[in-house]
Each structure stands twice: as structure tokens, then as C-alpha cells.
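[1] Sharing a model prediction with you, sequence too.
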Amino acid sequence: MSDFEHVFDTPPPGAAADWTIPQDWDAYTDVEHQTWVTLYERQMKILPGRACDAFMKGLDALDLHGGGIPDFRKMNAALQKLTGWTVVAVPGLVPDDVFFDHLANRRFPAGQFIRKPDQLDYIQEPDVFHDVFGHVPMLSDPTFADYMEAYGKGGARALALGQLKNLARLYWYTVEFGLMETPQGLRIYGAGIVSSKTESVFSLEDASPNRLGFDLERVMRTLYRIDDFQQVYFVIPSIESLLAETTKDFGAIYARVKDQPDLPIEEVLAADKVFTRGTQAYARAGGRFAKKAS
Ligand code: PHE
Ligand code: CO
């Protein structure tokens, strides 16, 4: 979202005023479909028992299986029936106001392109694998579907109030990197995690990161990093509780948060519900770039 550089300020040639482009599914090459299959198969070895039930159910319901890059026309027919959401193709990241407007209307903008075979583990900009495999299964959950629409509406408001920074942190720590508490243990629902082979394991099992109970104002104040594994994950009790928290009027919350300092990523507060107090060993060793051997 807003932390990335946008390549364009206006829709690029071929894109509509709302930045959408045709998916042009027939134009994907065999190599591109194979990239999807490779990524899909890797994740399916890791995600059962790690991803939350809603995610696994959504994958199944939408039939996002290993045949290659999904055809949005077919996927949308199924998704629309479940929750009224559709996926629209975009060339890459879109401006914040455009992004929020799509969400507010139950349209999820997904990158049309797929990463190159030498970028399986790390890409700068979200591609169709991250956007569709990562995000779309959760959009088939009715409660999460409502949350995402509400987020889009809240985005326009945050923009008008100059509080986008705080709202973007909520997106980051829920939609992208959220964990959930279940009777079976912690589970992943964040798209940035479920679409990453390494972070799917790290987020749940590594001793390094903090895992803290979700608190709306706390999350709005917490810095985050976009270039490596997270140093803190926030745990929600359920999707219903996330939606309930965010149904609150954020006007008063923004006013309070505005006057409080940002919280460093590693900080654990006395008020935090601590699932894991991380060692931060991974981050201190230099993170992704120090662990070339692994
Ligand atoms: N309730 C928020 C507001 O008043 C809107 C919102 C809902 C934001 C859900 C994020 C997620 O601005
Ligand atoms: Co994403």
C-alpha cells in the first residue's frame, strides 16, 4: 500500500480510469502457469495445520488448485456467489484512494503479472500469486468479506482525516500478517504470510518474533517493516472479534493516537497479552541478508 513507491501517478496506457486492466488469461505462458503450480504446491505442503480453517475452506470453495494461474472469470463466478466479492486485475500497486474505492465496492485489485522463476521467494510488488492465493480465500469468508469492505470505506475516511499511516498499520498487521488464536493453537490468516513459504513457518514457529494479542490502538501505533520477516505478529481471537473491534468509530481513536508516540517494532508493553516474547535473534543477526546459508 502506501509504503511502496507507485510506478505511475495516472492509469498506465491500456488501463481504465479505475486502473483495472483485462486479466488476459489466454496470454499467460506455460512457464507462468508453471510458476503458479510450483508456488501452490510448496504452500500446500506447509499450510495444512498452519493456515486457519477459513483460509483452507476458501481455497477449496474457489477451486484455486494447482492447474495454473486462475482465470478470474471462473473464480469470480464462485466468489461472487459466496460473498459478493470479485477480483479485478490491475497492472501493479494502485493509488490509495483507488484501492480503497475498489474495496469499498467489494472488488479486490490483484496484480495481473506473476513473478519470474528466479523470484520465487521474494518480490517487491505483489503479483497474482500473492494477491490471489494469499488474499482471495479469506474473501470467501462472510465475516472477513465484511471487514475488507469496511476497511475500504474506512480508508477514504482516514485519507480525509490525514490518518492513513495509522489505518495502514491495521491492514498490515491483520490482512497481511495476522495470526489467529484457535483451540488447536495459533493459525495464520494474513496474506503476506500464507503466500510465503519461509514466513509461513517463521511466523508460527520461530523463537525470534514477538506474538502479541491484537489491540486496535496499539496496532495503529506500531511501526512495521516491509523488507523482511516481521518482528511482531498480532493475534486476533476470531474474525468476528476483528470485525467487531473495527466497527467502532475511528474518529475518537485517531484523535488519541495522533498525540501518542509510534511504538518501536520490538517493544513489548506491560498491557500486552504476550503469546511469545521473541528473542529477536533473527532480526539482530541481520535478517534475510545475514541468513543466506539457510
Ligand atoms: N470503523 C472505522 C471508521 O470509523 C472504519 C473501518 C472499519 C476501518 C473496518 C477499518 C476496518 O473509520
Ligand atoms: Co497483499
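    Structure's in. What do you need? All figures in this text were calculated on a predicted structure; none of them were measured in a lab. Ligands and ions are numbered 1, 2, ... in the order given.
[2] Following the one helix or strand Thr246 maps to in sequence, what is the next regular element?
    Element membership of Thr246 [criterion: DSSP states H and E] is helix 239-247. As assigned by DSSP H and E, the chain's next helix or strand after helix 239-247 is helix 250-258.
[3] now check that following helix, is it near ligand 1?
    Yes: Helix 250-258 is in contact with ligand 1 by C-beta under 6 Å from any ligand atom, via Phe250. Where C-beta positions appear, they are placed from N, C-alpha and C, glycine not excepted.
[4] send the alpha carbons of that helix over as CSV?
    The C-alpha trace of helix 250-258 is given here as CSV (Å, rounded to 0.1, in the frame of the first residue of the first chain):
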residue,chain,number,x,y,z
PHE,A,250,-12.3,5.6,14.5
GLY,A,251,-12.7,9.3,14.8
ALA,A,252,-12.0,9.4,18.5
ILE,A,253,-9.3,6.7,18.3
TYR,A,254,-7.4,8.6,15.6
ALA,A,255,-7.6,11.7,17.8
ARG,A,256,-6.0,9.8,20.7
VAL,A,257,-3.4,8.0,18.6
LYS,A,258,-2.3,11.2,16.9
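[5] So which bits of that helix are buried?
    Phe250, Ile253, Tyr254, Val257 (16 or more other C-beta atoms under 10 Å).
[6] would you turn the residues you listed into CSV with pLDDT?
    CSV is the format used below for the buried residues of helix 250-258 (pLDDT from 0 to 100):
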residue, pLDDT
Phe250, 97
Ile253, 96
Tyr254, 97
Val257, 96
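[7] Ligand 2: which of those is nearest?
    Nearest to ligand 2, judged by C-beta to the ion, of those is Phe250 at 21.4 Å.
[8] How is the nearest residue to that closest one once chain neighbours are set aside assigned, secondary-structure-wise?
    Residue nearest to Phe250 in three dimensions, not counting chain neighbours: Gly154, with 6.3 Å by C-beta to C-beta, 6 or more residues apart in numbering. Following DSSP: H, G, I helix; E, B strand; the rest coil, the label given to Gly154 is helix.
[9] how close does Gly154 get to ligand 2?
    17 Å (C-beta to the ion, to the nearest Å).
[10] residue contacts, that residue?
    Contacts for Gly154 were tallied using C-beta atoms under 8 Å, 6 or more residues apart in numbering; they are Leu167, Thr246, Phe250.
[11] Distance to Leu79 for those residues - can I get that in JSON lines?
    Output for the contacts of Gly154, formatted as JSON lines (distance: C-beta to C-beta, whole Å):
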{"residue": "Leu167", "distance to Leu79": "25"}
{"residue": "Thr246", "distance to Leu79": "22"}
{"residue": "Phe250", "distance to Leu79": "28"}
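[12] Over to the residue lying closest to Gly49 once chain neighbours are set aside: give its phi and psi.
    For Gly49, the nearest residue in space outside its immediate sequence neighbours is Gln184; the separation is 7.9 Å by C-beta to C-beta, 6+ apart. Per-residue torsions, Gln184: phi -90, psi 0 (degrees, to the nearest 10).
[13] pLDDT wise, what is Gln184 at?
    pLDDT recorded at Gln184 is 96.
[14] Please report how far it lies from ligand 1.
    As judged by C-beta to the nearest ligand atom, to the nearest Å, Gln184 and ligand 1 stand 27 Å apart.
[15] now the helices for this structure?
    Assigned by DSSP state H, the chain shows helices spanning 30-46, 53-61, 72-83, 96-104, 128, 136-139, 142-161, 164-171, 191-194, 197-205, 216-221, 239-247, 250-258, 281-284.
[16] Need the winner for burial among those.
    helix 136-139 (a mean of 26; mean count of other C-beta atoms under 10 Å).
[17] Tell me the helices and strands packed up against it.
    Helix 136-139 sits against helix 53-61, helix 72-83, strand 107-111, helix 142-161, with contacts defined as 3 or more C-beta pairs under 8 Å, 6 or more residues apart in numbering; DSSP states H and E.
[18] Take stretch 30-41, keep the C-alpha atoms, and write them as PDB.
    Presented in PDB, the C-alpha positions along stretch 30-41 are these (Å, rounded to 0.1, in the frame of the first residue of the first chain):
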ATOM      1  CA  ASP A  30       3.200 -22.200 -19.800                       C
ATOM      2  CA  VAL A  31       6.200 -21.000 -17.800                       C
ATOM      3  CA  GLU A  32       3.900 -18.500 -16.000                       C
ATOM      4  CA  HIS A  33       1.300 -21.200 -15.200                       C
ATOM      5  CA  GLN A  34       4.100 -23.500 -14.000                       C
ATOM      6  CA  THR A  35       5.300 -20.800 -11.600                       C
ATOM      7  CA  TRP A  36       1.900 -20.700 -10.000                       C
ATOM      8  CA  VAL A  37       1.900 -24.500  -9.800                       C
ATOM      9  CA  THR A  38       5.300 -24.600  -8.200                       C
ATOM     10  CA  LEU A  39       4.300 -21.900  -5.600                       C
ATOM     11  CA  TYR A  40       1.000 -23.600  -5.000                       C
ATOM     12  CA  GLU A  41       2.400 -27.000  -4.400                       C
END
